[in-house]
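Asker: the sequence and its predicted three-dimensional model are supplied below.
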Amino acid sequence: MESDGPRAGKDMQQLPMLEEAVVGIKDGKVTYIGETTEGIQADDIIDCQGKLVTPGLVDPHTHVVFGGSREHEMALKQQGVPYLEILKQGGGILSTVEQTRVASEDHLFEKASFHLDRMLSYGVTTVEAKSGYGLDVETEVKQLKVAKRLQESHAMDLVSTFLGAHAIPHEFKEDPQAFLDEMLGMLDLIKLEELAEFVDIFTETGVFTVEQSRDFLSKAKEKGFGLKIHADEIDPLGGTELAADLGAISADHLVGASDEGIKKLAQSGTIAVLLPGTTFYLGKETFARARKMIDEGVTVALATDFNPGSCPTENIQLIMTFAALRLKMTPEEIWNAMTVNASYAIGRGEQAGQLAVGRKADVVIWDAPNYFYLPYHYGVNHVNTVIKNGLIVSKRRDIVDT
Ligand SMILES: O=C(O)CC1=NCN=C1
Ligand SMILES: [Zn+2]
């Protein structure tokens, strides 16, 4: 799977592959891809007969660093209490904020490390990690430092995003702009200490308006950050158009994206990161219009949106099934959306998302006969072996001999 850039629109149907292939790995890099072992010397050989071998998956939208959990909200969801109503009542994101503020940096590190281990075991080798559960300088920095420590110590490759503008904390309820100014005041520190490459904002009813978002992201752009937006997730405010207007690297969710917004994404090259697991978990019937986006020439990526409230799952393989059945994406489009397009959505197009000579050996061997199989056989983990930087980091856990 090799590409000289993100795959947009109809190009997403391209999926170069080899049958009966051989992949050579040395010193963390892919050194050979061919159809014969003639003349090949190797210390270790893994027999992949009947198996599928792909690049490591890229999850370009997660909130993986957080304290606590929100299973107690499940009952409210079952009673039909909307997500934004739970937030308005001081729950939702603000509940996780309370739990994250009181958690130590080390506890957040251990907890996120556990989630990253699980993501690796599902075949993910690069992950975007957002802050946004601090909503005060101290805790936002704490979250970002955890992500930085994980990037330095965990097998997983992380890309960090500052999402200080995730919700309005209780203490600023009367003055959202003062809160946004406080978050903007962090950007110089974040840049200086290299705590994040991207800045994101939750543009949503009851959170931040399009105009507040435009101002916030424009200032972040002036300081050299890449931009992302949680756009049109629940109410169609027009965050999609804003993302395109600002030249954001990605616009995420897009359930309510308008025809105009979709056209603008195709023109600006802003990548549409779709999160069908969240739409499923929020109990919505209407999913993002992936088919229209692809037909209009938009570059589409997929992600879990792993977070404790609206999508508490690390299982990116399940997202493949949602993408097939509810977004109506083809297997070829899904695989591009989870590898090459996902890598470009977080600025790692040159480092991740492809299986090609000279690239980092992030490779997954799947217990699957072909690439159609993963979206089809759902809810289980098909990973046989995950190779990260040329080293085996996860193997299928066989039944333990009793
Ligand atoms: O609810 C959460 O914790 C994560 C989220 N942010 C925006 N939508 C969902
Ligand atoms: Zn999110």
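Answerer: Structure received. Ligands and ions are numbered 1, 2, ... in the order given.
Asker: next, count neighbours for the residue of the stretch 301-402 of the chain found nearest ligand 1.
Answerer: Here the stretch 301-402 of the chain gets closest to ligand 1 at one residue, Gly309, 3.0 Å apart by Cβ to the nearest ligand atom. All C-beta atoms are positioned from the backbone trio N, CA, C, and that covers glycine. Neighbourhood size, Gly309 [other Cβ atoms under 10 Å]: 24.
Asker: and the helices in the stretch 51-200 of the chain?
Answerer: Taking DSSP state H, counting those that start in this stretch, the helices of the stretch 51-200 of the chain run over residues 74-78, 83-88, 93-101, 105-121, 137-153, 176-184, 187-192.
Asker: in the third one, what's buried?
Answerer: I take that to be helix 93-101. For helix 93-101, burial by neighbour count (16 or more other Cβ atoms under 10 Å) applies to Ile93, Leu94, Ser95, Thr96, Val97, Glu98, Thr100, Arg101.
Asker: report the contact partners of the last one.
Answerer: Think Arg101. Counting by Cβ atoms under 8 Å, 6 or more residues apart in numbering, Arg101 touches Gly67, Gly134, Asp136, Thr139.
Asker: pLDDT averaged over stretch 359-378, what's the number?
Answerer: Mean pLDDT, computed over stretch 359-378, is 98.
Asker: end to end, how far does that stretch reach?
Answerer: By Cα to Cα, to the nearest Å, the extent of stretch 359-378 from end to end equals 30 Å.
Asker: return the set of buried residues in that stretch.
Answerer: By neighbour count on 16+ other Cβ under 10 Å, the buried set for stretch 359-378 is 359-368, 371-372, 374-375, 378.
Asker: same deal with stretch 262-276?
Answerer: Buried, per 16+ other Cβ under 10 Å, within stretch 262-276: 262-266, 268-276.
Asker: stretch 20-35 now?
Answerer: For stretch 20-35, a neighbour-count test (16+ other Cβ under 10 Å) marks Val22, Val23, Gly24, Ile25, Val30 as buried.
Asker: can you tell me how far the residue nearest to Glu182 when sequence neighbours are not counted sits from Leu150?
Answerer: Among residues not flanking Glu182 along the chain, Val137 sits closest, at 6.9 Å (Cβ to Cβ, 6 or more residues apart in numbering). For Val137, the distance to Leu150 equals 21 Å [Cβ to Cβ, to the nearest Å].
Asker: and these two? Which one has more around it.
Answerer: Shown here are Val137 and Leu150; by other Cβ under 10 Å, Leu150 has more neighbours (24 against 14).
Asker: any idea how far that one lies from Thr62?
Answerer: For Leu150, the distance to Thr62 (Cβ to Cβ) stands at 12 Å.
Asker: can you list residues touching both of these two?
Answerer: With contacts taken as Cβ under 8 Å, 6+ apart, Leu150 and Thr62 have Ala129 as neighbours in common.
Asker: residues in this protein within reach of ligand 1, list them.
Answerer: Within the chain, the positions near ligand 1 by Cβ under 6 Å from any ligand atom are His63, Gly92, Ile93, Thr96, Phe202, His230, Glu233, Asn307, Pro308, Gly309, Ser310.
Asker: turn the residues you listed into TSV, including pLDDT.
Answerer: Shown next, in TSV, are those (pLDDT from 0 to 100):
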residue	pLDDT
His63	98
Gly92	96
Ile93	97
Thr96	98
Phe202	98
His230	98
Glu233	96
Asn307	98
Pro308	98
Gly309	97
Ser310	96
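Asker: of the residues you listed, which belong to strands?
Answerer: Among these, DSSP state E puts Phe202, His230 in strands.
Asker: which among the residues of the chain next to ligand 1 gets closest to Asp401?
Answerer: Among the residues of the chain next to ligand 1, Pro308 lies closest to Asp401 (Cβ to Cβ), at 36.1 Å.
Asker: surely that closest one touches Phe66?
Answerer: Yes. Taking Cβ atoms under 8 Å as the definition, Pro308 is a contact partner of Phe66 at 5.6 Å.
Asker: residues touching the residue in the stretch 51-200 of the chain that ligand 1 sits nearest to, list them.
Answerer: Among all residues of the stretch 51-200 of the chain, Ile93 sits closest to ligand 1, at 4.5 Å; criterion: Cβ to the nearest ligand atom. Counting by Cβ under 8 Å, 6+ apart, Ile93 touches Leu87, Gly132, Tyr133, His166, Ala167, Gly309.
Asker: backbone dihedrals for the closest residue to it other than its chain neighbours, please?
Answerer: Sequence neighbours aside, Ala167 is the residue nearest to Ile93 in space, at 4.3 Å (criterion: Cβ to Cβ, 6+ apart). Dihedral angles of Ala167 (phi, psi; degrees, to the nearest 10) stand at phi -170, psi 170.
Asker: can you start the count at 45 instead of 1 from here on
Answerer: That works, and once the first residue is 45, the last one we named lands at Ala211.
Asker: the residue nearest to the residue of the stretch 345-446 of the chain closest to ligand 1 when sequence neighbours are not counted: neighbouring residues, count only.
Answerer: Nearest residue to Gly353 in three dimensions, chain neighbours excluded: Arg114, at 4.9 Å (Cβ to Cβ, 6+ apart). Applying other Cβ under 10 Å, we find 21 residues neighbouring Arg114.
Asker: no further questions, thank you.
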